[in-house]
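K.L.:
next one to model:
(chains A and B)
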Amino acid sequence: EAGVVQSPRYKIIEKKQPVAFWCNPISGHNTLYWYLQNLGQGPELLIRYENEEAVDDSQLPKDRFSAERLKGVDSTLKIQPAELGDSAVYLCASSPINSGVGFNEQFFGPGTRLTVL
Amino acid sequence: GQQVMQIPQYQHVQEGEDFTTYCNSSTTLSNIQWYKQRPGGHPVFLIQLVKSGEVKKQKRLTFQFGEAKKNSSLHITATQTTDVGTYFCAGPNAGGTSYGKLTFGQGTILTVHP
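P.N.:
Presented below is the predicted three-dimensional model:
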């Protein structure tokens, strides 16, 4: 079974430039997560989708970040414009179900390491 | 908001020594998950604990969920170099508008010296 796929793996941009990350979850997983991970820290949730609906985007900086999950499968996360402080690893994860009571495990992709110069 | 704290932040051990990391939540958790992240890798799910006082074992790894469901621990017996990595605990928020959000601790970085 293929895992969560993310691209690109690495991205270097100058500040104020736009950037986009792509995620393809495990087939059949209806819940998709975007996390931000700074060095030496745990992942921090940015947005969670159940199918095509964003059910938790409270931590997403909406002035510059946007996300979409068309057709409830692939997802893209965009930053426009990028700032120096956005340098981090952006992780995508998926799980087969999120009942809100008993969580299933989350399967993480390899992440996209973003460097903003 | 909910906070999940882990101690220690770093642990250096000689191969063969035991290792324990502790996880404490500011709120009661319905369940807790543990993940391992190898250097340069991504978090990989290890286990989930649900019941108060639950203890689960995976070979040399022992996971415990506290009676009050606010703390947890991971103990590794006789560490090996393959145990190197960062161990994260993660717990879901209970109730409120962020119900279902998984909050990760900051992790414990384990280094094993051969």
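
K.L.:
get me the contact residues on chain A for chain B.
P.N.:
A:33, A:40-45, A:48, A:55-56, A:58, A:91, A:93, A:98, A:100-103, A:105-111 (C-beta under 8 Å from any C-beta of the partner chain). Where C-beta positions appear, they are placed from N, C-alpha and C, glycine not excepted.

K.L.:
among those, which are in strands?
P.N.:
A:Tyr33, A:Glu44, A:Leu45, A:Arg48, A:Val55, A:Asp56, A:Leu91, A:Ala93, A:Phe107, A:Phe108 (DSSP state E).

K.L.:
so which of these is the closest to A:Gly85?
P.N.:
Closest approach between those and A:Gly85, by C-beta to C-beta: A:Glu44, at 13.2 Å.

K.L.:
which secondary element of chain A has the worst mean pLDDT?
P.N.:
strand A:53-56 (a mean of 89; mean pLDDT, DSSP states H and E).

K.L.:
and chain B, by the same measure?
P.N.:
strand B:102-104 (a mean of 88).

K.L.:
the residue of chain A found nearest chain B: neighbour count?
P.N.:
Here the residue of chain A nearest chain B is A:Gly42; by C-beta to the nearest C-beta that distance is 3.2 Å. Neighbourhood size, A:Gly42 [other C-beta atoms under 10 Å in any protein chain shown]: 22.

K.L.:
now the one residue sitting closest to the centre of chain A, nearest residue through space, not along the chain?
P.N.:
The structure's chain A has its C-alpha centroid closest to A:Trp34; by C-alpha atoms, centre = their mean the separation is 2.5 Å. Excluding its sequence neighbours, the residue lying closest to A:Trp34 (C-beta to C-beta, 6 or more residues apart in numbering or on different chains) is A:Leu46, at 4.4 Å.

K.L.:
quick one: residues contacting that neighbour.
P.N.:
Going by C-beta atoms under 8 Å, 6 or more residues apart in numbering or on different chains, A:Leu46 touches A:Trp34, A:Tyr35, A:Leu36, A:Asp57, A:Gln59, A:Leu60, A:Phe65, A:Ala67, A:Leu77, A:Tyr90.

K.L.:
thinking again about what came up before, measure the residue nearest to the centre of chain A to A:Ala88 for me?
P.N.:
12 Å (C-beta to C-beta, to the nearest Å).

K.L.:
partner residues bridging residue 24?
P.N.:
Using chain A here. A:Val5 (DSSP bridges).

K.L.:
meant chain B, my bad for not saying
P.N.:
B:Met5, B:Asn71.

K.L.:
quick one: low-confidence parts of the chain?
P.N.:
Using chain A. A:1, A:97-103 (pLDDT under 70).

K.L.:
not what I meant, chain B
P.N.:
B:93-100.

K.L.:
buried stuff in stretch A:44-58?
P.N.:
A:Leu45, A:Leu46, A:Ile47, A:Arg48, A:Tyr49, A:Glu50, A:Ala54, A:Asp56, A:Asp57 (16 or more other C-beta atoms under 10 Å in any protein chain shown).

K.L.:
circling back to that earlier point, could you list the residues in contact with the following helix or strand past the least confident helix or strand of chain B?
P.N.:
Note on strand B:102-104: by DSSP states H and E, the next helix or strand toward the C-terminus is strand B:108-113. Identification of contacts with strand B:108-113 by C-beta under 8 Å, 6+ apart yields A:40, B:6-15, B:19, B:21, B:76, B:79-81, B:83-87.

K.L.:
just the strands in chain B please.
P.N.:
With DSSP E as the criterion, chain B has strands spanning B:4-7, B:10-14, B:19-25, B:32-37, B:44-49, B:55-58, B:61-65, B:71-76, B:85-92, B:102-104, B:108-113.
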